[in-house]
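Asks: Compute the structure for the input listed below.
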Amino acid sequence: MKAAKIIQPGHLQIFDILNPEPAHDEVVVKVMASGICGTDIHIYRGEYLGDYPVVPGHEFSGVIISVGDAVTRFKVGDRVAVEPNISCDNCYNCLNNRQNFCLNWQAIGVTRPGGMAQNVAVPEKAVFDIGDISFEQAAFMEPLSCVVHGMERLGIEASDKVAILGAGPIGILLLQVARVQGAAEITVVDKNVSRSDFARSKGADVSLTAIDDLKRDYYDAVIDATGSIPVMARTLEFVRHGGKVLLFGVPPGGQVMSIEPFVIFRKGLTVLSSFTSLRNSYQAIDLLKYRRIDINGLVSHQLPLQGLKEGIELIEAGQQGVRKVLIRPND
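Replies: Presented below is the predicted three-dimensional model:
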């Protein structure tokens with residue numbers, strides 16, 4: 001089969017490798033749709049996690065083509081999506097329901113082979129039935145589960161005023177989950193005009209292209225979905241006294257953000273972050289299944305496996321009209 005490997009930062013190649021065989025507690029998934037995530041780009045650039053060489057890809061869906069002898073919940077032909085985070089379920093953090101901080105954490109597409117390949121072996125416990133939703137929709141299970149976890153931590157209340165900085169795919173998911181949670185007024189800002197306009201079409205009450213146009217000291221919750229350190233540093237300006245800030249976007253490692261601690265003290269702020277998800281995959285599937293989350297128009301490009309590098313470069317260039325890029329390894 002064919003698989004994309006990041007050999008070392010900045011070096012990606014397509015290889016012919018052996019098809020995986022499932023271990024006794026694994027299934028092999030034929031990958032039908034695999035999304036390029038900001039984390040994949042950070043791994044490609046050597047900025048975040050990742051073991052090298054690695055087959056990237058942790059947002060994917062497909063069809064089961066073989067099962068291990070201990071697998072009981074799935075059979076060949078089942079349509080599934082995959083939760084990439086694999087916890088040991090036996091360390092101090094796991095036993096305190098903090099599986100996302102497992103001391104023996106592994107992740108498909110990060111520390112073990114991922115979905116940028118025609119086939120991938122994954123543990124049965126990481127697999128979720130997607131019913132009849134499309135493979136394209138199901139590829140959003142993982143990023144949506146991360147959004148659900150972050151929004152659970154933030155705790156938006158009915159009638160809250162929310163500002164979201166960044167209208168990429170994650171920003172659009174955050175927007176829709178905020179609406180489901182009861183936010184009354186949602187403002188989205190993105191310097192990319194097409195993304196700002198798209199946010200309006202997906203339910204933003206106000207869409208802006210300049211961060212300076214946001215109201216100061218106004219929003220109950222301000223969410224960064226950019227991972228840009230200069231943008232993250234400005235979130236404190238826009239949140240009201242007693243409000244909350246969620247730093248959701250993934251910044252590059254090893255860099256420092258400058259903020260004024262007195263502002264956090266004087267405004268009585270709660271500043272939160274969110275790391276991956278915490279058993280939120282069923283929630284994500286249900287939100288997609290019952291159309292509480294609409295991904296129509298969110299995928300801007302679909303490319304074959306050989307187009308993975310092109311897809312990364314499209315996202316990094318930030319061109320107008322580029323949103324989610326999906327890889328179709330078996331097309």
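
Asks: Could you name the helices and strands sitting against the helix or strand of the chain with the lowest mean pLDDT?
Replies: Ranked by mean pLDDT, DSSP states H and E, the weakest helix or strand in the chain is helix 38-45, scoring a mean of 89. On a contact count with 3 or more C-beta pairs under 8 Å, 6 or more residues apart in numbering; DSSP states H and E, helix 38-45 meets helix 308-317. (Glycine included, C-beta is placed from N, CA and C.)

Asks: Can you point out the buried residues in the helix it packs on?
Replies: Residues of helix 308-317 classed as buried by neighbour count (16 or more other C-beta atoms under 10 Å): Leu308, Gly311, Ile312, Leu314, Ile315.

Asks: Serialize those residues to TSV and add fields for distance to Thr270.
Replies: Below are these laid out as TSV (distance: C-beta to C-beta, whole Å):
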residue	distance to Thr270
Leu308	39
Gly311	36
Ile312	35
Leu314	36
Ile315	31
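
Asks: how about Asn85, what does it touch?
Replies: Asn85 sits next to Gln99, Asn100, Cys102, Trp105, Gln106, Ala107, Ala126, Thr276, Ser277 when contact means C-beta atoms under 8 Å, 6 or more residues apart in numbering.

Asks: any idea how far the third one lies from Ile229?
Replies: Put plainly, it is Cys102. Here the criterion is C-beta to C-beta, to the nearest Å. By it, Cys102 lies 27 Å from Ile229.

Asks: Those two: which has the busier surroundings?
Replies: Using other C-beta atoms under 10 Å as the criterion, Cys102 and Ile229 rank with Cys102 on top: 19 against 15.

Asks: residues in contact with stretch 295-311?
Replies: Under C-beta under 8 Å, 6+ apart, the answer for stretch 295-311 is 2-4, 12, 14, 33, 36, 116-118, 136-137, 140, 169, 172, 198, 201-202, 288, 314, 321-329, 331.

Asks: go again using 7 Å as the cut-off
Replies: Stretch 295-311 has contacts (C-beta atoms under 7 Å, 6 or more residues apart in numbering) with 2, 4, 12, 14, 36, 116, 136-137, 140, 169, 172, 198, 314, 321-329, 331.

Asks: if you look at the residues you listed, which of them are in strands?
Replies: With strands defined by DSSP state E, the entries of the contacts of stretch 295-311 inside them are Lys2, Ala4, Leu12, Ile14, Lys324, Val325, Leu326, Ile327, Arg328.
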